[in-house]
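>>> Sequence and predicted structure below; questions after.
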Protein chains: 2
Amino acid sequence: MPDRTPITVVFGRFEDLVSRGLRVLIDEDPNIHLVVADVEWDQLPAVLDINKPHVAIVNFGSLGSAIDVNRLHVQFPSTRLVVLASRPSQAECNQMLAFGATACLSKETQARDILNAIHLASRGLHVLPRTKAELAPFDTGPDLLTPREADVLELLQQGRSNAEIAATLHVGIETVRTHARSVFRKLGVKTRRELASLTGSGSSGRTL
Amino acid sequence: MPDRTPITVVFGRFEDLVSRGLRVLIDEDPNIHLVVADVEWDQLPAVLDINKPHVAIVNFGSLGSAIDVNRLHVQFPSTRLVVLASRPSQAECNQMLAFGATACLSKETQARDILNAIHLASRGLHVLPRTKAELAPFDTGPDLLTPREADVLELLQQGRSNAEIAATLHVGIETVRTHARSVFRKLGVKTRRELASLTGSGSSGRTL
DNA sequence: TATGAGGGGGAGGAGGGCCTCACCCTTTCG
DNA sequence: CGAAAGGGTGAGGCCCTCCTCCCCCTCATA
């Protein structure tokens, strides 16, 4: 029993990839009608004033201040505001809702959930991302090496001994061992031989 | 003078929005042919082995370890690896390239630049994001309030005086004044009256 | 004039990440 | 056996953010 009158949606300026994704995603739902897309932040008030959409999806990253959402909310109380953020913390989402947003979603939210959230938000129901779940498949990414660990790794890849590395970096051998341990742990290897057997041709070409 | 033989591309598992964006983006370029999309990380080796694509676009966030890229690189040296990350730092990109990636791009990269990067990467040229430029339009988002500042804000919105807030939070009035200053600065207002005039109906409905 | 609200600066402590180094142990290999 | 490489733990220092509080000042207003 979906509504006969489609939900009108406007969304602001997003990264090109996300913008294209939002377009095709909204097109998949016949009950949601995209009115205007890629609206620059400073033109959002004019667009909302003209189109009076049910839902406006705004980019958290393009917000200058958290209260900008509130200004939109008090100026256009009939338009539900859905904030789309990259990796919103619970605190961020709570603040968005406190400032008048109706929903706060992560860009990692699954497609169907985004559409459902638009439907719910159009009726005024608040939607928040799961506290820490749905970012499981797209975890925080690999453990990044610290600058010092990267230095040690580079010398390790050259086959240097711990003592040589210590002399090169002007630190104690114990420091090298500590960094090397972190490198091994973060890269999931156990010996410098594993390191050497990999990295066959690392950064040979110039960056250009 | 584009090539007659299209560039074959495979890309891994991305957020639904980004995945849809990548599909339509690649469709826009007649010289790039999408072979397989949304490949789970553990199935990438098999897919690369079967299809031998010119370029594989992998999700930085789905990497378990930085050296996973290297394993792919040494196993399939003829496939150029393009790492797509959310907000890669220069260090992250350098490490990706050091481990055999050909390009490291931000998901905020503009559409045409992504396509150009795929073309360049397919020929082995390294592509890195501008050091700090292209994230200008999508800045770091608004200044987030700290937990304590959020507490003060809530009481400020209720019209409490500094002394009342201090008593409620069991801190000194000077502490309240400090937090209030931060709240005003981060929200871009100058007085508590501005705060009260806004936030007409903040979080009235329940979160559901 | 006295009070409260505002801006500005700074100090001290807690907590976290990173760098440095130290001690303990086992394993590997010439 | 001895040396190097590995794992484990923990210390101290540095730097950053946040919280707490202190001082200085101006301005509006009862």
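Sure, I can see it.

>>> All the helices of chain A, residue numbers only.
Secondary structure of chain A (DSSP state H): helices located at A:16-28, A:44-51, A:67-75, A:90-98, A:111-122, A:147-157, A:162-169, A:173-187, A:192-197.

>>> Redo these as JSON lines? Include distance to residue B:160 and mean neighbour count.
(Glycine included, C-beta is placed from N, CA and C.) What follows is the helices of chain A, written out as JSON lines (distance: least, Cβ to Cβ, whole Å; neighbours: other Cβ atoms under 10 Å in any protein chain shown):
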{"stretch": "helix A:16-28", "distance to residue B:160": "40", "mean neighbour count": "20"}
{"stretch": "helix A:44-51", "distance to residue B:160": "31", "mean neighbour count": "16"}
{"stretch": "helix A:67-75", "distance to residue B:160": "19", "mean neighbour count": "20"}
{"stretch": "helix A:90-98", "distance to residue B:160": "16", "mean neighbour count": "20"}
{"stretch": "helix A:111-122", "distance to residue B:160": "31", "mean neighbour count": "20"}
{"stretch": "helix A:147-157", "distance to residue B:160": "46", "mean neighbour count": "19"}
{"stretch": "helix A:162-169", "distance to residue B:160": "56", "mean neighbour count": "16"}
{"stretch": "helix A:173-187", "distance to residue B:160": "48", "mean neighbour count": "18"}
{"stretch": "helix A:192-197", "distance to residue B:160": "60", "mean neighbour count": "15"}
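
>>> could those go into CSV alongside distance to DNA strand C and mean pLDDT?
Compiled in CSV, those are given as follows (distance: least, Cβ to the nearest atom of the strand, whole Å; pLDDT from 0 to 100):
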stretch, distance to DNA strand C, mean pLDDT
helix A:16-28, 28, 96
helix A:44-51, 25, 97
helix A:67-75, 14, 89
helix A:90-98, 16, 87
helix A:111-122, 30, 96
helix A:147-157, 3, 94
helix A:162-169, 7, 96
helix A:173-187, 3, 96
helix A:192-197, 9, 84
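
>>> Which of these sits closest to residue B:119?
Go through these one by one with Cβ to Cβ and the one that ends up closest to residue B:119 is helix A:16-28, at 16.4 Å.

>>> rewinding a little: distance to residue B:189 added to the helices of chain A, as CSV?
Supplementary listing: those in CSV, determined by distance: least, Cβ to Cβ, whole Å:
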stretch, distance to residue B:189
helix A:16-28, 30
helix A:44-51, 18
helix A:67-75, 7
helix A:90-98, 15
helix A:111-122, 26
helix A:147-157, 39
helix A:162-169, 50
helix A:173-187, 44
helix A:192-197, 54
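
>>> just so I know, which of those helices lies nearest residue A:104?
Between residue A:104 and those, the shortest gap by Cβ to Cβ is with helix A:90-98, which sits at 3.7 Å.

>>> That closest one and chain B in contact?
Yes. Helix A:90-98 is in contact with chain B by Cβ under 8 Å from any Cβ of the partner chain, via A:91-92, A:94-95, A:97-98.

>>> what is the orientation angle of that helix with helix B:173-187?
For the pair helix A:90-98 and helix B:173-187, the angle between their directions (axes from the mean of the first three to the mean of the last three Cα atoms, to 10 degrees) equals 70 degrees.

>>> out of the residues of helix A:90-98 next to chain B, who's nearest DNA strand D?
Nearest to DNA strand D among the residues of helix A:90-98 next to chain B is residue A:91, at 10.0 Å by Cβ to the nearest atom of the strand.

>>> mind checking how far that closest one is from residue B:153?
For residue A:91, the distance to residue B:153 under the criterion Cβ to Cβ, to the nearest Å works out to 12 Å.

>>> Ok, residue A:46 next?
From residue A:46 over to residue B:153 the distance is 29 Å, taken as Cβ to Cβ.

>>> Over to residue A:114?
From residue A:114 across to residue B:153, the span is 29 Å (Cβ to Cβ).

>>> Adding distance to residue B:187, write the residues of helix A:90-98 next to chain B out as a markdown table.
Compiled in a markdown table, those are given as follows (distance: Cβ to Cβ, whole Å):
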| residue | distance to residue B:187 |
| --- | --- |
| A:91 | 15 |
| A:92 | 14 |
| A:94 | 15 |
| A:95 | 10 |
| A:97 | 15 |
| A:98 | 11 |
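
>>> just checking: which of the residues you listed also lie near DNA strand D?
Counting by Cβ under 7 Å from any atom of the strand, nothing from the residues of helix A:90-98 next to chain B sits close to DNA strand D.

>>> Between those residues, which sits nearest residue B:124?
Closest approach to residue B:124 among these (Cβ to Cβ): residue A:92, at 40.5 Å.

>>> which residue sits closest to the residue sitting furthest away from the middle of chain A, ignoring its sequence neighbours?
For chain A, the C-alpha farthest from the mean C-alpha position belongs to residue A:163; by Cα atoms, centre = their mean, that distance is 41.7 Å. When the adjacent residues along the chain are set aside, residue A:163 lies closest to residue A:173, with 5.7 Å between them (Cβ to Cβ, 6 or more residues apart in numbering or on different chains).
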